[in-house]
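J.: Here is my input; please provide its structure:
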Amino acid sequence: MPSDPRLDNILRALLQPYTPASTPASHSRLFASCSAILTTLTNPLNATLLTTQILTAPAVWTSPDPLRASLRVFGTFQSATLGKMELEVRGEAGAMGVQEWITAVVKGANRNVPRWKHILLLGGVLSAIRDGRDGQGGKGKSGTGGVAGGVGGGGNAYLIPRVTRRSLEDAFCRAVNLSVESGSTAATVPGGVVSGKPGKHLESDVLSLILSHSINHLSTRAKMLIDYDALLPVVVRSIFNSSEGFQSGYFLSKIENDVVMRDGLLSWPAKSNSLLELQYRLSRPLFTSMSSVARLAGMCVRESKSPGSIHILLDWMNEFTQTLTAQWNMTRLSGVSLFDEPRLIDPESRRATMPVVWQMLKMVLFTAVLVVSEVSARLVKEKEWDEGRKVVASKILYMLRGLYFITSRLGTQGFTSYNFVYMSSIDILGMHKEEAERWVRSVAPQNVGTIPSPLLLRTYDLFFLNTVEHLIPILPASLIHDLLIPICTPYLSASRDPNLHDQFESAHSVMLAIIAAAPLSPSSTSPSACTTPTTTVDPATEVLPKYAGMIFSSFPGGLSRRQFRLAFSTLVKVCEVPPGENRPHGRGEVVMNIGHQRAKEAPETPLIEAAGDGGVTPAAAAAIAASATVAASAVSVPNNSPSPPGSAGSATPSPQPPSPSSLPPPLPAPYTEKEIYILALIDSLPFLLPQTLSRWLTPVAVLVAKDVKDVAGKGRLRRRLWEVLTDGELDVDRAEVGVRWWSEGGRELVEGHEGDVMMDSGSGKEEERKEGKKAEGGKEGVKEEKEGVKEEKEGGKEEKEGGKEEKEGGKEEKEGGKEEGRKEEKEGGKEEMTKVLMEGEKRKMEKKREHAHVSAPAGAAAAHASVPVPAPAPAGGRRRVFAKL
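T.: The predicted structure follows:
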């Protein structure tokens, strides 16, 4: 048989050991040559020989990077299989067809080749054979033609017989199971220090990496052949404990050696060894495929049949998070918050080095959550976890607490997997009172009543407050008194420290949860849960007075306007109608009195807070003042003003003030402190008892109409009061109180003396329209408009007199209705009142149209036509009744 010179050359190159003189380019050419020659071989014995040499050759496996070499071997067999099938489609396969070629190549993985290397060969071949059921093989032939898959598309695709594919899948799954069961890939003691030697855990790393690329190409039948209980610890060890993975968290230990002080700032140089090692680690094969490896671990969790494997997994991950947190806490960078970084870390480190380590930590968080999300899914769906569900949920929360120094910086908004894991664990723990109490005591801060100075401990406190907020209803009163309230108290007083803003908000949330929580009734809990009384603290007697003082002392400055309004309305709600039985009602009026007094004394200065929260920053306040000055100068300086002295005969024209149309759009008016207090009072109206609501509608309306001087603020308050009265926030009884108050003088009180524009955004718009009409219509238009206003006032007086007569008639009807029955009196009075008010509104609108048509000049009519007419209130419900009133 004549020899093939290309085969001789490639075999000679494979038998030579790897030398330091070998470059990555020459190594890549070696794998490319192996793939090309293996595709074109026509002798099955030569194909088997070359396959065996690729799997055992010194030139491949003595390289300093065996994991990358394994991935290239996998790619070599994958590309060779694709090339052979393409030759078959074109009719250029030669004497050896695809099936015969695959058989010859698979024979190359003989007994002299380790089992874990069989996965490289079989996985590469299987990944090249695309599943015809996905539409990538022959059209409509996978189900009836006795074939399973192929390469290419359309009718010219080469289809692999189903028997061949099934044999390959069985061999691949058998190789995976034998590799897992062998001592080479068995996971050792978890959490131990992992050696930095490249080949220490090569087999398990290769198994995890190649299986993550190949498992999606297996059929459902083949996937069920894998022993996932044995595979799970191997994959998890490769991710979290391997030297190619996260190295048990010890990759952070070298950072502190390179951090120095430079000009009073912490500096982590961009050319330090620790940074170069992190960048190298991020480019490793296991890191670049970390998402697929994490999905493989999640699949192992999903298909695992042993609950013990899940518990071992969570124990390993908790140990990993503890080591990772300890290593991060050893660096000086861990003590710098995100707010203090510009002040304590130099710009080069913040720009070049810090993003690298946070990218690594972000990958740790995403990988851990992706694995644990499958555990949470099983806890939610499967019933056989009833006994161990609470233990697993508590372990998940322990793990999330260890990673919270990453989560608190990156945030969880949009991170749906994390939110699912976190909230589902809290829900499960909330169904088991004793386990929840045990978990709360185990993670509670050690020094109760003080704020710790290390940033990591404050981060733990933040996680504790955010989590315990959801567990308040099932915690005993003694735990709340002795532990939760003392922990929250120092953070409630830290409203001015920007580094404690998150803890400040969380402490307020916990206090509101304590106040709003209803006591558990014995019938709503299990017998085991009722052995200890679980009533929460009585807010009216113990928590409420102290917390109310903290709320008023924290605004403005600590609480934002939205937070203050929520806290105030919650206090009113709980005090007016407290949860549970045998609690005194009607105490919300005390809080309303305090808020009313604060609203009368509060200044009307803009709030200095986040602009997105309705406040105004100092720069924005200056911009508002500047825009107001420019607008005032544009209006006050006439266009025909004489030239200043000395400008006569000058060629340069005098500067003209900008026209109103060229001015930038005005900035939205900021909220004031007085306005926020009044809004809080308005928000609390739906929570008052009906008899208390009837007493408080008038004082709140007086604040809106008389105490607020700002036009824009008054318009916002009117709109909010209108929303409370008409948009369904009041129930039936309270809405009846609102209708009666509105019809008996509430409307006139809210609108003041500004006439007929109901619930307008403010009188400023009406004054601007009048000014526009005066400017365009001239003096005659002004006189006619004044006369029209007088006529409207006279007409309004007549309507008021008619309204009085209608009220007297309504009273007579009500007196007659009392004799006939209470129900008939209400219905008759409402129908009669509605008819009379509808006729009055029609007459009023006709008078307005006639007056506008006769008396308005041309310029005023044009200005009036450009003003948008407010849309009428929607028909039906309370809004229609209020609109008619």
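
J.: Who are the packing partners of the helix or strand hosting Val106?
T.: According to DSSP states H and E, Val106 maps onto helix 98-107. Secondary-structure packing of helix 98-107 (3 or more Cβ pairs under 8 Å, 6 or more residues apart in numbering; DSSP states H and E): helix 44-56, helix 66-90, helix 115-128, strand 158-161, helix 162-181. (Glycine included, C-beta is placed from N, CA and C.)

J.: now do 10 Å
T.: helix 24-40, helix 44-56, helix 66-90, helix 115-128, strand 158-161, helix 162-181 (3 or more Cβ pairs under 10 Å, 6 or more residues apart in numbering; DSSP states H and E).

J.: Can you give me the buried ones in that helix?
T.: Val98, Trp101, Ile102, Thr103, Ala104, Val105, Val106 (16 or more other Cβ atoms under 10 Å).

J.: do the same with stretch 732-740
T.: Buried residues in stretch 732-740, counted by 16+ other Cβ under 10 Å: Arg734, Ala735, Val737, Gly738, Val739.

J.: now, among the residues you listed, which is nearest to Trp722?
T.: Ranked by distance to Trp722 (Cβ to Cβ), the buried residues of stretch 732-740 are led by Gly738 at 10.6 Å.

J.: The closest one against Leu697, yeah?
T.: Yes - contact between Gly738 and Leu697 holds when scored by Cβ atoms under 10 Å: they sit 7.0 Å apart.

J.: list the residues that contact both of those two?
T.: Applying Cβ atoms under 10 Å, 6 or more residues apart in numbering, one finds that Gly738 and Leu697 are jointly contacted by Leu685, Leu721, Val724, Leu725, Gly746.

J.: and the gap between the last one and Asp683?
T.: With the distance defined as Cβ to Cβ, to the nearest Å, Gly746 ends up 18 Å from Asp683.

J.: For this structure, just list every one of the strands.
T.: With strands called from DSSP state E, the chain shows them at 130-131, 147-151, 158-161, 260-262, 265-267.

J.: Would you check how far apart the nearest residue to His470 once chain neighbours are set aside and Lys390 are?
T.: Nearest non-adjacent residue to His470, counting by Cβ to Cβ, 6 or more residues apart in numbering: Ile426, 4.8 Å away. In this view, Ile426 and Lys390 are 12 Å apart by Cβ to Cβ.

J.: neighbours around Glu505, how many?
T.: 19 (other Cβ atoms under 10 Å).

J.: ok, Met299 - contacts?
T.: Here Met299 is in contact with Leu211, Ser212, Ile215, Asn216, Lys223, Ile226, Tyr228, Leu231, Leu232, Val235, Glu374 (criterion: Cβ under 10 Å, 6+ apart).

J.: Now rank those by neighbours and give me the top one.
T.: Val235 (29 neighbours).

J.: Just to check, it is in contact with Ser204?
T.: Yes - proximity of Val235 to Ser204 meets the contact threshold set by Cβ under 10 Å, at 8.1 Å.

J.: if we can go back for a sec, which of Ile426 and Lys390 has more neighbours?
T.: Lys390 (23 against 19).

J.: so what pLDDT did Phe508 get?
T.: Small correction: residue 508 is His, not Phe. Each residue has a pLDDT score; the one for His508 is 86.

J.: That'll do, ta.
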